[in-house]
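Participant: My questions concern the predicted model and sequence given below.
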Amino acid sequence: MDALTKLADDYYAFATSDSPLGLMWNGKLDHLDEWDDFSPDAVEGRKARYLAFAEAADAIEPGDDPFAIALRDSISTGARSAAIGMTWESELFQVSPKMGLFEMCLSFIGSYPLKTAKHGEQYLEKLRRMPGALAVLADAVRGAAAEGRVATARQLGATADSIDAYLAAPAGRDERLCCQEAPTTLAASEAEAWRDERDRIVAHDVRAGLAAYGATLREIAAQGRPDDKPGLCNLVGGLEVYRDHMWANLLTEHTAQEVHQIGLDKVAELEDEYRALAGPLLGTGEIGEIYARLRDDKAMVYTSPEAIVADAEAALARASVVAASWFGTMPLSKCPAFATDYGAMAYYSSPDIETGKEAAFYFNTADPSAWSTYELEAITFHEAIPGHHLQLALNAESPNLHKVQKEFFNTAYAEGWGLYAERLADEMGLYSSELDRLGMLSGDSLRACRLVVDTGIHALGWGRERAIQYMLDHSPMHRSHVEQEVDRYIALPGQALAYMIGRIEIQAIRAEAQARPGFDIRAFHDSVLRYGSVPLPTLRRLVLGA
């Protein structure tokens, strides 16, 4: 075994053991009975280990092998990004109402592909340990607040409210934390006993732990920052932390001011596109009126989860037929669409060849009217085909990639590809109408506004309401959606920048490749997706030889 492969194996083993929450997202059974350790000492120890992996990768010379270059660079930047991303993560991100620890459990703790009796006991042990994990996180949040690092009062209160609402429902098998299926190899009587024990642990242990955790968050919310000071720049050392989080998500050296200006320029370009496309459809060239019509026309919203899934499946069917003309290699895995009441508005979960977990993408349909009909196709193309499904399923199925490249990702490459796919779908002729093409512009508006608003909040001192108003003024999104987005940026600094910055770089790489003789779009796309989730500078080197 060469030094790079040995390092990759060690890095993979550490990174997966370090984050059982990430394994929960993917339905993996490794470290099934464990939880992330959010205590300050543990966090600092993990950061040091990640930085050591980055330095070890930097010391390896991969030669001319493109897969070795991709693997070395993925370890180097991925490990350094992971270390940086842990700074203030517990006290700001894990307590957020839509993406933190509690919401992650509601979304994914019942989705493990349990098979054996050992799996079953490990899962029950995970439930038994859940109150302890919550208590450790609560202590970390309390300690950070005492040092002046605290989330906004709104976010802490909203998470406490979500916990209270969950606990107000009666305990039993219909609740979210009691929906995990028993291991498939258990006999019927054993499975029933397992379910009884699962329900008992949730009713007597987990619910008590959640009540204590929620009470702590509500107590700390009294110290929480107000809505007019939600950004990192309002905390001592916050500007430096934001700069680091930007790098961790982009893996480029952009400054906050540069990204802010790119966003302003993109928003202006998009408004010209809206006038050209939406003007004839809606009978107005006034940008505010265009946004208002797209936002407020009740004929343009869904009324049922079934309709959302049906339209997504129809878009997927069209994309599946056309994609082979644009990609030389297609994944074997299928990608069904599902409705869910939990988590983000839409998200993709990749297949796992070892466990047999299938790919899927989800729409949060708890409120179908939050979905505009013209948005759905662009989101489907982003999450599934030609977006994340082609990207991540091909990675999962590749015999040439290490698990580091298959399962770990950097945001700018991964989400840059997803956003690139929304525009690519237009080239592929996948949008079913001019109105649905407006969903592509709406998606771009969201990602362009993110550049302005994320940097505005965390580097320029914008308040929550100013950020919300900017997005309402420069996109057709509903206020409820905008509020969720802005609260996400507050809790997860820098992450939302990666979509548009990544898309811009992938488009720039394509433009340079396209200017060369013999360009073939299928070969280009295969080369972009061939090496797993690499940093964008490495992608440029591998695709262009530059």
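Facilitator: Nice, I can see it.
Participant: Neighbours of Trp35, how many?
Facilitator: Neighbour count of Trp35, defined by other CB atoms under 10 Å: 20. Quick note: C-beta positions are derived from backbone N, CA and C, even for glycine.
Participant: pretty sure it is touching Lys126, no?
Facilitator: Yes - proximity of Trp35 to Lys126 meets the contact threshold set by CB atoms under 8 Å, at 7.3 Å.
Participant: Could you check how far the residue of the chain positioned farthest from its centre is from Ala299?
Facilitator: Relative to the centre of the chain, and counting by CA atoms, centre = their mean, the farthest-placed residue is Ser189 at 39.3 Å. Ser189 is 54 Å from Ala299, where distance means CB to CB, to the nearest Å.
Participant: what's near enough to touch Phe408?
Facilitator: Neighbouring residues of Phe408 by CB atoms under 8 Å, 6 or more residues apart in numbering: 12, 15, 74, 78, 533.
Participant: Which ones among those residues map onto helices?
Facilitator: Judged by DSSP state H, those include 12, 15, 74, 78 as members of helices.
Participant: State the pLDDT value of the third one.
Facilitator: We note a pLDDT of 97 for Ser74 in this prediction.
Participant: Summarise which helices and strands the strand or helix carrying Ala208 is packed against.
Facilitator: Under the criterion of DSSP states H and E, Ala208 resides in helix 207-221. For helix 207-221, the elements it packs on are helix 117-146, helix 153-168, judged by 3 or more CB pairs under 8 Å, 6 or more residues apart in numbering; DSSP states H and E.
Participant: Tell me what angle the last one forms with helix 117-146.
Facilitator: Counting by axes from the mean of the first three to the mean of the last three CA atoms, to 10 degrees, helix 153-168 lies at 140 degrees to helix 117-146.
Participant: Pull out the buried residues from the next helix-or-strand element following helix 153-168.
Facilitator: Later in the chain than helix 153-168, the nearest helix or strand by DSSP H and E is helix 188-201. By 16 or more other CB atoms under 10 Å, the buried positions in helix 188-201 come out as 191, 194-195, 198-199, 201.
Participant: Tabulate the residues you listed (CSV), appending pLDDT and distance to Asp58.
Facilitator: Output for the buried residues of helix 188-201, formatted as CSV (pLDDT from 0 to 100; distance: CB to CB, whole Å):
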residue, pLDDT, distance to Asp58
Ala191, 97, 50
Trp194, 98, 47
Arg195, 96, 50
Arg198, 96, 46
Asp199, 95, 50
Ile201, 96, 45
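Participant: Out of those, which comes closest to Pro97?
Facilitator: Closest approach between the buried residues of helix 188-201 and Pro97, by CB to CB: Ile201, at 24.7 Å.
Participant: Find the residue closest to the closest one in space, skipping its chain neighbours.
Facilitator: In this structure, Ile201 finds its nearest non-sequential neighbour in Leu127, 4.5 Å apart by CB to CB, 6 or more residues apart in numbering.
Participant: What about that neighbour, how many residues nearby?
Facilitator: Neighbours around Leu127, by other CB under 10 Å: 23.
Participant: Is it in contact with Arg198, as I believe?
Facilitator: Yes - counting by CB under 8 Å, Arg198 is a contact partner of Leu127 at 6.7 Å.
Participant: Residue ranges in the stretch 51-200 of the chain under the pLDDT threshold?
Facilitator: Within the stretch 51-200 of the chain, the ranges that satisfy pLDDT under 70 run 174.
Participant: my read is Tyr347 is in a helix, agree?
Facilitator: No - secondary structure of Tyr347 (DSSP: H, G, I helix; E, B strand; the rest coil): strand, not part of a helix.
Participant: Quick check, it in contact with Ala359.
Facilitator: No - when contacts are counted by CB under 8 Å, Tyr347 is not listed as touching Ala359 (11.9 Å).
Participant: count of residues packed around Thr365?
Facilitator: Counted with other CB under 10 Å, the neighbours of Thr365 add up to 22.
Participant: following the helix holding Ala208, which helix or strand comes up?
Facilitator: helix 238-250.
Participant: residues of that following helix that come out buried?
Facilitator: For helix 238-250, the buried set under the neighbour-count rule, 16+ other CB under 10 Å, comprises 238-239, 241-250.
Participant: With pLDDT and distance to Gln261 as extra columns, can I get the residues you listed in TSV?
Facilitator: Below are these laid out as TSV (pLDDT from 0 to 100; distance: CB to CB, whole Å):
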residue	pLDDT	distance to Gln261
Gly238	98	21
Leu239	98	18
Val241	98	22
Tyr242	98	17
Arg243	98	16
Asp244	97	21
His245	97	19
Met246	98	14
Trp247	97	18
Ala248	97	21
Asn249	96	18
Leu250	97	15
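Participant: which residues does the residue nearest to Ile201 contact?
Facilitator: Applying CB under 8 Å, 6+ apart, we find Leu127 in contact with 177, 198, 201-202, 205-206.
Participant: do that again at 7 Å, thanks
Facilitator: Taking CB atoms under 7 Å, 6 or more residues apart in numbering, we find Leu127 in contact with 198, 201-202, 206.
Participant: Equivalent analysis for Pro331, please.
Facilitator: Contacts here follow CB under 7 Å, 6+ apart; on that basis Pro331 touches 389-390, 393-394, 397.
Participant: What distance do you get for His481 to Asn364?
Facilitator: Taking CB to CB, one finds His481 at 11 Å from Asn364.
Participant: An error on my part: the question was meant for Trp326.
Facilitator: In this view, Trp326 and Asn364 are 29 Å apart by CB to CB.
Participant: between these two, who's got more neighbours?
Facilitator: The residue with more neighbours, out of Trp326 and Asn364, is Asn364; 21 against 18, by other CB under 10 Å.
Participant: Beta-bridge partners for that one, please?
Facilitator: On the basis of DSSP bridges, Asn364 is bridged to Thr340.
Participant: Looking at it now. What's its pLDDT?
Facilitator: In this model, Asn364 carries a pLDDT of 87.
Participant: check contacts around it.
Facilitator: 340-346.
Participant: Settle this for me: Arg275 is touching Gly285, isn't it.
Facilitator: Yes - counting by CB atoms under 7 Å, Arg275 touches Gly285, with 4.9 Å between them.
Participant: so which helix or strand takes in the closest residue to Pro476 other than its chain neighbours?
Facilitator: Nearest-residue entry for Pro476: Leu294, 3.6 Å, with adjacent residues in sequence omitted and distances by CB to CB, 6+ apart. Assignment of secondary structure by DSSP H and E places Leu294 within helix 287-296.
Participant: just checking, next helix/strand downstream of that helix?
Facilitator: Per DSSP H and E, the first helix or strand lying C-terminal to helix 287-296 is helix 305-322.
Participant: what's the neighbour count on Thr284?
Facilitator: If you count neighbours by other CB under 10 Å, Thr284 ends up with 15.
Participant: Outside of stretch 486-498 itself, list whatever touches it.
Facilitator: Stretch 486-498 has contacts (CB under 7 Å, 6+ apart) with 92-93, 96, 98-99, 152, 155, 230, 232, 242, 245-246, 248-250, 259, 411-412, 415-416, 450-451, 453-454, 457-458, 464, 467-468.
Participant: who's the spatially most central residue of the chain bridged to?
Facilitator: Nearest to the mean C-alpha position of the chain, by CA atoms, centre = their mean, lies Tyr347 at 7.2 Å. For Tyr347, the beta-bridge partners are Tyr362 (DSSP bridges).
Participant: which residues touch the closest residue to Ala459 other than its chain neighbours?
Facilitator: Spatial nearest neighbour of Ala459, excluding adjacent residues (CB to CB, 6+ apart): Ala256 at 3.7 Å. Going by CB under 7 Å, 6+ apart, Ala256 touches 242, 246, 455, 459.
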